[in-house]
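> This is the structure alone, sequence omitted:
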């Protein structure tokens, strides 16, 4: 059982994603715990590449439901990162949802963009490999 397309937005009350605290133009994609800042991918890359100390800042993804708070757990059944409030709302809805396996989110230290690239590469490696179809030469008479 997973959340269907459009389900998240309806459950979150149609809220607009939280803005980046730095540029104010883009939607925040992550939360930096050390700076207590919501950042877009571009600002995260700029800020956390600025000096050696900033590279040690723990960051977590935004809640995929409300897009207003840092994620605190990942629901394995729904494959979603959720904040404390959304986790409680969703997983108290019915007995089946209460049994979903949820684990604390793992903070990351690399740039968010590099995490995305690594994740995409890992997913591509898991795709099944199919043989390339052989082309038959047409014979003309």
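Noted; the coordinates are in hand. Owing to the predicted nature of the structure, the values given are computational and were not obtained by experimental measurement.
> From residue 18, how far out is the closest residue to residue 81 other than its chain neighbours?
Leaving aside its sequence neighbours, residue 81 sits nearest to residue 71 (CB to CB, 6 or more residues apart in numbering; 3.5 Å). For the C-beta atoms, the positions are set from N, CA and C on the backbone; glycine is no exception. For residue 71, the distance to residue 18 equals 12 Å [CB to CB, to the nearest Å].
> Quick check: neighbours shared by the two?
residue 62 (CB atoms under 8 Å, 6 or more residues apart in numbering).
> Looking at those two, which is more packed in?
residue 71 (22 against 18; other CB atoms under 10 Å).
> per-residue confidence at the more buried one?
The model reports residue 71 with a pLDDT of 97.
> Dihedrals phi and psi, it?
phi -70, psi 140 (degrees, to the nearest 10).
> what does residue 48 give?
Dihedral angles (degrees, to the nearest 10) for residue 48: phi -90, psi 0.
> what's near enough to touch it?
32, 54-55, 57, 59, 111.
> In JSON lines, list those along with neighbour count, secondary structure and pLDDT.
Listed next are the contacts of residue 48 as JSON lines, based on neighbours: other CB atoms under 10 Å; DSSP: H, G, I helix; E, B strand; the rest coil; pLDDT from 0 to 100:
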{"residue": "32", "neighbour count": "24", "secondary structure": "strand", "pLDDT": "96"}
{"residue": "54", "neighbour count": "16", "secondary structure": "helix", "pLDDT": "86"}
{"residue": "55", "neighbour count": "12", "secondary structure": "helix", "pLDDT": "85"}
{"residue": "57", "neighbour count": "17", "secondary structure": "coil", "pLDDT": "93"}
{"residue": "59", "neighbour count": "23", "secondary structure": "strand", "pLDDT": "94"}
{"residue": "111", "neighbour count": "19", "secondary structure": "coil", "pLDDT": "68"}
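> mind listing the strands for the chain?
30-32, 37-39, 59-61, 73-75, 80-82, 102-104 (DSSP state E).
> In contact with the nearest residue to residue 38 once chain neighbours are set aside, which residues are there?
In this structure, residue 38 finds its nearest non-sequential neighbour in residue 28, 3.6 Å apart by CB to CB, 6+ apart. Neighbour list for residue 28: 17-21, 38-40, 62, 67 [criterion: CB under 8 Å, 6+ apart].
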